[in-house]
Structure formats: structure tokens, C-alpha cells
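A.B. asks: Okay, here's the prediction I keep looking at, along with the sequence it came from:
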Amino acid sequence: MTPVPYHRNLVDGQWVDGERRPNVNPARPGEVVSEYAHAGRETVRAAIEAARSAQPGWANRPVGDRMEILDHIGAAILRRTEELAVLLSREEGKLLSEARGEVTRAGQTFRYYAHQLLQPQGEVYSSTRQGVHAEVRRRPLGVVGVITPWNYPLAIPAWKIAPALAYGNAVVLKPAELVTASAGELARIIAGSGLPPGVFNLVMGAGGVVGEELLTSTGIDGISFTGSTRTGTHVAQQCLAHGNKRFQLEMGGKNPLVVLDDADLEVAVRCALDGSFFSSGQRCTASSRLIVQAGIHDRFVEALAAAADALRVGDPLDPLSEVGPVVSPEQLAQNLDYVRIGLDEGATVVAGGAHRPDEGQFMRPTLFADARNDMRLAREEIFGPVSCVIRVDDLEESIGVANDTRYGLSAGIVTTSLSAAERFKRDARAGIVTVNLPTAGTELHLPFGGSGASNHGPREQGTYARDFYCVPVTCYTGW
Ligand SMILES: NC(=O)C1=CN([C@@H]2O[C@H](COP(=O)(O)OP(=O)(O)OC[C@H]3O[C@@H](n4cnc5c(N)ncnc54)[C@H](OP(=O)(O)O)[C@@H]3O)[C@@H](O)[C@H]2O)C=CC1
Ligand SMILES: O=C(O)CCC(=O)C(=O)O
């Protein structure tokens, strides 16, 4: 039998052991995908110290060196696409095709930020005074703690680490415990890229131990976090209480997809199917409220229920599967709880719903009709393949319902009316608005983030990422 890979923490360029823990395959819960070393608090402290010592030297390296190293990391990820995609799929349950897309995105993200370094990094202003030169420069934030979730084991770490390193910061990464194999492989690639020891460090283990040490340390200048709104709120409180750290939070969503009477039914069903059920609904941009105008409502519900029922749920490595497992028994229990809650609240299951105990971590895409926006089903983030249809009379009402949420990450509309689309882009309260496309599936060079309980701090990705990882310095020079 081939031994399973073992991933250790990376501190100051050294691989550091810890308590050995398994990481299992959600599609085959008896199968150990890898093992990882759970870091103790002293390992986390050592990682922060290493990052502090290494950061100034890294920030002062010529841009050409930093570019080359980031480009090297991106190319190394892309060279290993198939191998990394299989590993990601086995540890998180994402379909292999989706996993390939994610690995590619991670590699391209490093290359994108390598090339961003050739863009202007400051601005020159006219001074209102005679003989004064005014400019804005950017300095790195310093040492950044990166705390990431399990649903994008490579892409989310990449879109935080790449801009952090590009702009001269040092990083301590704490990935979710469920996806330490992807994080461990990413760390191996980064460690082999020529990056000086200590500039990038990996510490693995429970949020309440390893993550908490990052939040309370005065050696960390900023935290970039993606995960639940509950943990994000705690991150914010701890950052303010311990050294007034800068923080950036990308949290949950309860994203609406509006379908108007004039929509192309096929497009509407395709968008809803992708947004609600692909990646097992485990995307913060998933469409979990389908807000449908009365004239198309019945045809839409019937067609979407049939399409959802037809989806093949199975092993993510099987090319015929269309939906994989959910990530963990806890997540499955949460999803099934919400199915019970929806039924108790009076909504009707029109696809999926029932779950047999022998199905393990696989859950059939579940669609509710007859939902109201005041139900818990429509208000709370489920993070599974569960969506609900809410009937509305017109565009006005659909926008009101779409915006009636504490979240505000993405919002979509399916319509053939240009004026309805323009109105929705103007009035939907969300950081990402889509027209005739799923609410999920964003691009690496465009800003990503939302409002309300979905987001706090500057946008991630694209050129906007720099706003978090750099501190502007306004310089006045007399001459
Ligand atoms: N917006 C998004 O993209 C995501 C949203 N979610 C939502 O969150 C729910 C729960 O998922 P879960 O994985 O538990 O999400 P969490 O928000 O708990 O986890 C996100 C990250 O934060 C870490 N963390 C947890 N507690 C702390 C802490 N006290 N201090 C510092 N870091 C901490 C986790 O570590 P670890 O897991 O290793 O303990 C993980 O790395 C899901 O059902 C879903 O609703 C989940 C994932 C992504
Ligand atoms: O939809 C996407 O492209 C990204 C989704 C995401 O980042 C998330 O679910 O955390």
C-alpha cells in the first residue's frame, strides 16, 4: 500500500512537525487522503516571528525578483494541474472538472500579480503650494495572517497570498482543517520557488487554536479572512482588541436570482441549476433564493425541478458525476436540518429532499417551492445544494425581495429586457451583479466582495486587492 502524503507546517523555511491528524475523503469517508501536522501555539508564534524578520528584506527586493518568484509559483501550480486537481477533488469533494478549473485559477492568480508589479504603484498630484512636490506611495502592510475556508482550498489562499507577496508582505497561512493537503502542496510549491525563508509560512490546525493565535498576536499587522459571518465577526472583534489590526472579511451570502416573465426559460433554468447546485451549493456566491415572476413561475419550477432531479450525484472523480458529496458530516447535518426547517415553515419540496442514511455524504439537489422571504430557509446561509423559489408579481417587488437580506454578495437577474437589466444593475444591493448568468463564477482580475454581512474592508482580487495589502503614504517634498 502506498503511504498517504504527510504535510507539515512551514516555519522559516523549515518543515515542522506537530500532532499527526488524518484528512478524509468526503466521497469515501473511510479513505484517508493525507495526514497533517497540527501546529501548537508555539509553532504559530515561531511562524509569526519568522515572518516579521523576513518581511523587510522581501519588501526591499527589486520588483524583478518578486515578479520572477511569483511567476515561478504560478507556473509550478499550472504544471501540476492534474495531480493537484485530483488531490483537491479527493479531499474536498469538488468535481474533478471544477477542481481543474480551480487549480488553473490559482496558478493564473500568481502570474497575474507577478505582472501587476509592472503597473504604476503610486500617483503624483499637483501641489497647491509653490515649490512643493506631492505624491502618494504605497508601503506593504507588513505581516499578514491569511485564514481560509474549505470550499476553495487553492483558489482562495492563492488570491490572498499572491497579492500579499507581490506587494512586499510576509504571510502566515492558516487553511481550514478539512483541506490541509491542498494547502500543504501549495506550501511545497512556494517553498521551492526561491522565496526567502520566513516570507511565507504555513500553520495548520483548528481555528480556535491556530487561528486564534494569529488574531491575538501583536506580530500580525492584518488578517484576510474568508468563511462564515459568525467567525468573521469574531475575527473583527479580536483584530480590534489585539493591536487594532487591519482586517478584511469575505463572508456568507443569501444570493438572489430574479427570473422575470420575459426571460428565456432555458437560460433561467441553466443559471439556477448552476448557481444553486453546482459545487454542491458550497459557494458563497450560490443562488439560494430564486425570485420568480408569476407569469413564468410554474413553467420555471417544473423545468428546474426536472433538471435538478436529473443531475447525477456521485464520486467527484467519475467524469459522469455532475454533483459531488458535501464536504463533511457536520455540513450534511446542517443541510438536512434546513430541509426540515423549510418543510416545517410550510415550503414544498419539488426536487430532492429525502435523504437515505446509506447515501452518506451525498445529498440530492433539493428545491423548495412556495417559499416566502421571511422564512429561515430564505434568510440563513445553508451552504449546501438547497434552494428555494419565491413568487413575485413584478420587477419592483423582485428587487425589494432581493434586497431584503442581511447579506449582499451577489445578485442575478434573467431577463430579455435591457431596461430591467439596467434597473437591476443600478438597484440590486450586492457587490456582484449578473445578467443572464449564474450568480457564481467570478473572474480573477475583477473585484470580488459585497456589502452588509457579506463583507468588510476592501475588495479582493484584481487591482483592488492592493488596497488591503498596502498602506498609502502621502509624501510632500519642498524644493
Ligand atoms: N463565505 C464562504 O466562502 C464560506 C462560508 N462558510 C459558511 O460557514 C459555515 C461553517 O463553515 P466553517 O468551515 O466552520 O466556517 P468558519 O467560518 O468557521 O471557518 C473559516 C476559517 O476560519 C477558521 N476559524 C474558525 N474559528 C476561528 C477562530 N476562532 N479564530 C480564527 N480562525 C477561525 C476555520 O478554521 P478550521 O475550520 O480549521 O477550524 C477556517 O480556516 C458553512 O456552513 C457556511 O455557511 C464556510 C466556508 C466558506
Ligand atoms: O463564485 C466564485 O467564483 C467564487 C466563490 C467564492 O469565492 C466562495 O464561494 O467562497
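C.D. replies: Now that the structure is in, tell me what you want to look at. Ligands and ions are numbered 1, 2, ... in the order given.

A.B. asks: Please identify the residues of the stretch 251-400 of the chain in proximity to ligand 2?
C.D. replies: By the rule Cβ under 6 Å from any ligand atom, the part of the stretch 251-400 of the chain lying against ligand 2 is Arg283, Cys284, Thr285. C-beta: built from backbone N, CA, C; applies to glycine.

A.B. asks: Which residue, neighbours along the chain excluded, lies closest to the last one?
C.D. replies: Nearest non-adjacent residue to Thr285, counting by Cβ to Cβ, 6 or more residues apart in numbering: Ala440, 3.9 Å away.

A.B. asks: any idea how far that neighbour lies from Asp274?
C.D. replies: According to Cβ to Cβ, to the nearest Å, Ala440 stands 7 Å off from Asp274.

A.B. asks: Return the residues of the stretch 101-250 of the chain in contact with ligand 1.
C.D. replies: Applying Cβ under 6 Å from any ligand atom, one finds that the stretch 101-250 of the chain approaches ligand 1 through 147-151, 174, 176-177, 206-208, 211-212, 215, 226-228, 231, 234.

A.B. asks: hmm, 8 Å instead?
C.D. replies: Counting by Cβ under 8 Å from any ligand atom, the stretch 101-250 of the chain comes close to ligand 1 at 147-152, 156, 174-178, 204-208, 210-212, 214-215, 225-232, 234-235, 238, 250.

A.B. asks: Which of those fall within strands?
C.D. replies: Counting by DSSP state E, those place Ile147, Lys174, Phe225, Thr226, Glu250 in strands.

A.B. asks: ok, what's across the strand from the last one?
C.D. replies: Read it as Glu250. Thr226, Asn455 (DSSP bridges).

A.B. asks: longest single helix anywhere in the chain?
C.D. replies: Of all the segments of type helix in the chain, defined by DSSP state H, the longest one is helix 96-116.

A.B. asks: Distance from the next helix-or-strand element following that helix to the middle of the chain?
C.D. replies: Moving toward the C-terminus from helix 96-116, the next helix or strand (DSSP states H and E) is strand 123-125. Its chain's C-alpha centre and that of strand 123-125 lie 34 Å apart, by Cα atoms, centre = their mean, to the nearest Å.

A.B. asks: Give me the domain ranges for the protein.
C.D. replies: 6-251+446-478, 255-435 (automatic domain parsing).

A.B. asks: Could you export those domains as JSON lines, including mean pLDDT and mean neighbour count?
C.D. replies: Listed next are the domains of the chain as JSON lines, based on pLDDT from 0 to 100; neighbours: other Cβ atoms under 10 Å:
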{"stretch": "domain 6-251+446-478", "mean pLDDT": "98", "mean neighbour count": "20"}
{"stretch": "domain 255-435", "mean pLDDT": "97", "mean neighbour count": "20"}
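
A.B. asks: Quick check, central residue of this structure?
C.D. replies: By Cα atoms, centre = their mean, the chain has its centre lying nearest to Ile156, at 5.0 Å.

A.B. asks: Once you drop chain neighbours, what's closest to that one?
C.D. replies: Nearest non-adjacent residue to Ile156, counting by Cβ to Cβ, 6+ apart: Thr148, 4.8 Å away.

A.B. asks: Quick check: the one you found vs ligand 2, distance?
C.D. replies: Between Thr148 and ligand 2 the computed distance is 9 Å (Cβ to the nearest ligand atom, to the nearest Å).

A.B. asks: so that residue touches Glu177, yeah?
C.D. replies: No: contact between Thr148 and Glu177 fails when scored by Cβ atoms under 8 Å: they sit 11.0 Å apart.

A.B. asks: And stretch 246-259, how far out from the chain middle?
C.D. replies: 10 Å.

A.B. asks: give the contact list for the residue in the stretch 301-450 of the chain that ligand 1 sits nearest to.
C.D. replies: Closest residue of the stretch 301-450 of the chain to ligand 1, Cβ to the nearest ligand atom: Phe383 (3.5 Å). Going by Cβ atoms under 8 Å, 6 or more residues apart in numbering, Phe383 touches Asn151, Gly252, Gly281, Gln282, Ala286, Gln331, Gln334, Asn335.

A.B. asks: and what of Leu409?
C.D. replies: Residues in contact with Leu409 (Cβ under 8 Å, 6+ apart) are Gly252, Gly253, Asn255, Cys284, Thr285, Ala430, Gly431, Ile432, Gly449, Gly450, Ser454, Asn455.

A.B. asks: ok, and of these, which contact ligand 1?
C.D. replies: Counting by Cβ under 8 Å from any ligand atom, the members of the contacts of Leu409 near ligand 1 are Gly252, Gly253, Cys284, Ser454.

A.B. asks: May I see those residues arranged in a markdown table, with secondary structure as well?
C.D. replies: Supplementary listing: those in a markdown table, determined by DSSP: H, G, I helix; E, B strand; the rest coil:
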| residue | secondary structure |
| --- | --- |
| Gly252 | coil |
| Gly253 | coil |
| Cys284 | coil |
| Ser454 | helix |
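
A.B. asks: Would you point out the most distant pair within these?
C.D. replies: Cys284 and Ser454 (7.4 Å; Cβ to Cβ).

A.B. asks: Going by distance to Gly107, which of the residues of the stretch 251-400 of the chain next to ligand 2 wins?
C.D. replies: Within these, the smallest distance to Gly107 is 20.2 Å, found for Arg283 (Cβ to Cβ).

A.B. asks: Tell me the secondary structure at the closest one.
C.D. replies: Secondary structure, three-state DSSP: Arg283 is coil.

A.B. asks: Skipping its backbone neighbours, what lies nearest it in space?
C.D. replies: Using Cβ to Cβ, 6+ apart and skipping residues adjacent in sequence, the residue nearest Arg283 is Ala440, 4.7 Å away.

A.B. asks: tally of neighbours for the one you found?
C.D. replies: 25 (other Cβ atoms under 10 Å).

A.B. asks: did I read that right, it in a strand?
C.D. replies: No: counting by three-state DSSP, Ala440 is not found in a strand; it is coil.

A.B. asks: Isn't it up against Phe277?
C.D. replies: No: the pair Ala440 and Phe277 does not pass the contact test of Cβ under 8 Å, sitting 10.4 Å apart.

A.B. asks: for Trp150, what are its contacts?
C.D. replies: For Trp150, the contact set (Cβ under 8 Å, 6+ apart) comprises Glu92, Ala176, Glu177, Leu178, Val179, Val327, Ser328.

A.B. asks: same question but for Gly295, I mixed them up
C.D. replies: Gly295 makes contact with Asp261 under the criterion Cβ under 8 Å, 6+ apart.

A.B. asks: end-to-end on stretch 15-30?
C.D. replies: 28 Å (Cα to Cα, to the nearest Å).

A.B. asks: next one: phi and psi at Asn23?
C.D. replies: phi -130, psi 120 (degrees, to the nearest 10).

A.B. asks: Kindly report the same for the one 3 residues further on.
C.D. replies: Geometry field for Pro26 lists phi and psi as phi -70, psi -20, criterion degrees, to the nearest 10.

A.B. asks: Assess the claim that it and Leu317 are in contact.
C.D. replies: No: counting by Cβ under 8 Å, Pro26 does not reach Leu317; the two are 12.0 Å apart.

A.B. asks: Do the strand ranked longest in the chain and ligand 1 come into contact?
C.D. replies: Criterion DSSP E: the longest strand present in the chain is strand 28-38. No: against ligand 1, strand 28-38 shows no contacts by Cβ under 8 Å from any ligand atom, the least distance being 9.8 Å.
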